[in-house]
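Engineer: Provided below for reference: sequence and predicted model.
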Amino acid sequence: MLSVPMISANASPMGWMLAIAAAAAYAVPAAASRRISQAGTRAALRLAWVLHALALAWGLLGELPRFGFAPALSMTAWLVLTVYAVEQQLFPQMRARLALSALGAVAVLTAALFPGTHLQVNASPWLPLHLALGIASYGLFAAAVVHAALMTRAEQHMRHGAGHDSGLPLLTLERLTFRFVAAGFVLLTATLAAGWLFGEQLYGKAWVWNHKSVFSLLSWLTFAVLLIGRVRFGWRGLIAVRMLYAGALLLLLAYAGSRFVLEVLLERAA
């Protein structure tokens, strides 16, 4: 009962307005997909994408800049939607907008509910770059997970003799999935290397072996094994998808999971 006022007190009115507007725009394709044209659906998603970006920018650059697990997840969802928008230009037949609209709506509202902690004014000027690398890797791995889910669903439909509705050939989905994994792995490697080598300059303290560090390294190792197995042994199908899901889950626990415990569970306990 006491936790709701605490969350509401932390939320910015402008942030709430932008979040609700973005969620409403995201809801249009799902709620009225059969009553509006394809052009109207695309326009609603573009509007939602812009409002989502403004909500993120307000949280980071507004009167009281904040960041935490929910803004990180919201930014990840926004990056996935950005990837989808680009892919729509290359592969117009790709269809995943309903699921991604729901993801965007949930993410932007969650970030409004849990805006995170205040950013330190005296932080290193390189810290935003380090955070950007980490969030970008989150976004690329999340895009890989979305494509892997589409690939798995396509395989299941093919086994049952039915056509799949992702709009892309199975091999194309597979190639895109591993391209996102490879790109995300490069950025994750750069993020961990920066934290290891320049942790004191970035955070005022050297590398610390905590839950975040352990889960991050376990995630990095999982993706490394997956990519090596893909190149060396031709891993694909269920084993590759399961390893991708495992690595993504470990990465989610590394930052978002640890911050959720600190910002929500321990705050409520206090």
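Structural biologist: That came through fine.

Engineer: give me the low-pLDDT residue ranges for the protein?
Structural biologist: Applying pLDDT under 70 to the chain picks out residues 1-11, 32-34, 93, 119-126, 160-167, 201-204, 206, 266-270.

Engineer: which residue is nearest the centroid of it?
Structural biologist: Among the residues of the chain, the one closest to the centroid is Thr76, at 2.5 Å (C-alpha atoms, centre = their mean).

Engineer: report all helices and strands that the one helix or strand that one maps to contacts.
Structural biologist: Using DSSP states H and E, Thr76 maps to helix 69-90. On a contact count with 3 or more C-beta pairs under 8 Å, 6 or more residues apart in numbering; DSSP states H and E, helix 69-90 meets helix 38-61, helix 97-113, helix 127-159, helix 258-260. C-beta: built from backbone N, CA, C; applies to glycine.

Engineer: count the neighbours of Val231 for me.
Structural biologist: 11 (other C-beta atoms under 10 Å).

Engineer: do you know how far it is from Leu131?
Structural biologist: 30 Å (C-beta to C-beta, to the nearest Å).

Engineer: for Trp16, same thing?
Structural biologist: Using C-beta to C-beta, Trp16 is found at 23 Å from Leu131.

Engineer: so what's the closest residue to Lys212 other than its chain neighbours up against?
Structural biologist: Closest residue in space to Lys212, ignoring its immediate chain neighbours: Ser258 at 4.8 Å, by C-beta to C-beta, 6 or more residues apart in numbering. With contact set as C-beta atoms under 8 Å, 6 or more residues apart in numbering, Ser258 has these partners: 69, 210-212, 215.

Engineer: from those residues, pick the one nearest Glu87.
Structural biologist: Nearest to Glu87 among the contacts of Ser258, counting by C-beta to C-beta, is Phe69 at 27.0 Å.

Engineer: OK, contacts around the residue lying closest to that closest one once chain neighbours are set aside?
Structural biologist: Nearest residue to Phe69, sequence neighbours excluded (C-beta to C-beta, 6+ apart): Arg259, at 3.6 Å. Applying C-beta under 8 Å, 6+ apart to Arg259 gives the contacts 68-69, 72, 116.

Engineer: export those to a markdown table and tack on neighbour count?
Structural biologist: As requested, the contacts of Arg259 are exported to a markdown table (neighbours: other C-beta atoms under 10 Å):
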| residue | neighbour count |
| --- | --- |
| Gly68 | 23 |
| Phe69 | 22 |
| Ala72 | 21 |
| Gly116 | 20 |
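
Engineer: what is the nearest of those to Gly199?
Structural biologist: Gly199 has its nearest neighbour among the contacts of Arg259 in Ala72, at 18.7 Å by C-beta to C-beta.

Engineer: Ala96 versus that closest one, what's the distance?
Structural biologist: Taken as C-beta to C-beta, the span from Ala72 to Ala96 is 22 Å.

Engineer: show me the contacts for the closest residue to Trp49 other than its chain neighbours.
Structural biologist: Once flanking residues are discounted, Trp49 sits nearest to Leu81: 5.7 Å by C-beta to C-beta, 6+ apart. Counting by C-beta under 8 Å, 6+ apart, Leu81 touches 45, 49, 52, 100, 103-104.

Engineer: from the residues you listed, pick the one nearest Glu155.
Structural biologist: Glu155 has its nearest neighbour among these in Leu100, at 20.4 Å by C-beta to C-beta.

Engineer: right, and that closest one touches Leu79 too?
Structural biologist: No: if you go by C-beta atoms under 8 Å, Leu100 and Leu79 don't touch, sitting 11.4 Å apart.

Engineer: now for the two: what residues contact both?
Structural biologist: Counting by C-beta under 8 Å, 6+ apart, nothing touches both Leu100 and Leu79.

Engineer: follow-up on the earlier one: buried ones among the contacts of Ser258?
Structural biologist: Neighbour counting by 16 or more other C-beta atoms under 10 Å classes 69, 212, 215 among the contacts of Ser258 as buried.
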